[in-house]
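Asker: Give me the fold of what follows.
(one chain, ligands or ions: 2)
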Amino acid sequence: MKDAVEGWIEGHFAQEDESLRAIRREMTEGGYPEIQLPPITARTLQLLLRLVGARRVLEVGTLAGYSALWIVRALPPGGTLTTVERSPERAAKARQLLAEAGVGDRVEVVEGEAAAVLAGIAGGGPFDALFLDADKEGLPGYLDQAARILAPGGLLLVDNALWKGRVLDPEARDEATEAVRAMARKIAADPGWDGSILPTGDGLLVALRRGPEGD
Ligand code: DHB
Ligand code: MG
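Answerer: Ligands and ions are numbered 1, 2, ... in the order given. Below you'll find the model as predicted:
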């Protein structure tokens, strides 16, 4: 049922154009894991970025640049995306594909480990929105950095918040699943975040950073 519903919505609102199809093709041909954002999630991400008027976005986990192309298309003129990828080969491939898609001048692909790159970013809102879509084991650390980096009103988005349903499976005790669960607990319990999970795709955690007065 969920697949049929999502397919119907995707048919109306989240169809890929030739540039997105080209990235998907290159991923298949290059033997990339098929873990790019589902179009319906990417479309939701676009709308959320537009709703908060995001101009500067940071993505963690570039892969081949598929979600980056969706994201940069949601930004106003002059808006920019910085996206972090730990694999040098994937970073280079993403740069090539994003240039071919005509957005190379608006996306900076930073090669490096997410934890180190995030630690090097100043606090207080250099980015309006942060999208986490890298390894799940690192999530607790990335979340601490997100709380530091985003100013009040800043938007946090995290893919795989349901982790293919494993968060609900009491038998699943692996580190990745525990990290995804810990993220939901943290966002729910911390008054510094105002969040929830959209069950679209593999689950999209959406949270606004709150100010000291709860604003
Ligand atoms: C997997 C899926 C993802 O969307 C991701 O970001 C990482 C891993 C997976 O299916 O393993
Ligand atoms: Mg993902």
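Asker: what does the model give P212 for pLDDT?
Answerer: Here the pLDDT value assigned to P212 is 81.
Asker: residues from this structure in reach of ligand 2?
Answerer: Within the chain, the positions near ligand 2 by C-beta under 5 Å from the ion are 133, 159-160. Just so you know, the C-beta spots here come from the backbone N, C-alpha and C atoms, and that holds for glycine as well.
Asker: got a markdown table for these, with neighbour count, distance to R55 and pLDDT too?
Answerer: Formatted as a markdown table, the residues of the chain next to ligand 2 follow (neighbours: other C-beta atoms under 10 Å; distance: C-beta to C-beta, whole Å; pLDDT from 0 to 100):
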| residue | neighbour count | distance to R55 | pLDDT |
| --- | --- | --- | --- |
| D133 | 22 | 20 | 98 |
| D159 | 25 | 21 | 98 |
| N160 | 25 | 26 | 98 |
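Asker: From those, pick the one nearest L48.
Answerer: Proximity of these to L48 (C-beta to C-beta) peaks at D159, which lies at 12.5 Å.
Asker: the helices in the protein, which residues?
Answerer: Remark: helices assigned in the chain by DSSP state H are 2-13, 18-29, 39-51, 66-72, 88-100, 114-119, 139-149, 175-189.
Asker: Let's have those in a markdown table, adding mean pLDDT.
Answerer: A markdown table is the format used below for the helices of the chain (pLDDT from 0 to 100):
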| stretch | mean pLDDT |
| --- | --- |
| helix 2-13 | 96 |
| helix 18-29 | 97 |
| helix 39-51 | 98 |
| helix 66-72 | 98 |
| helix 88-100 | 98 |
| helix 114-119 | 97 |
| helix 139-149 | 97 |
| helix 175-189 | 98 |
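Asker: All set, thanks.
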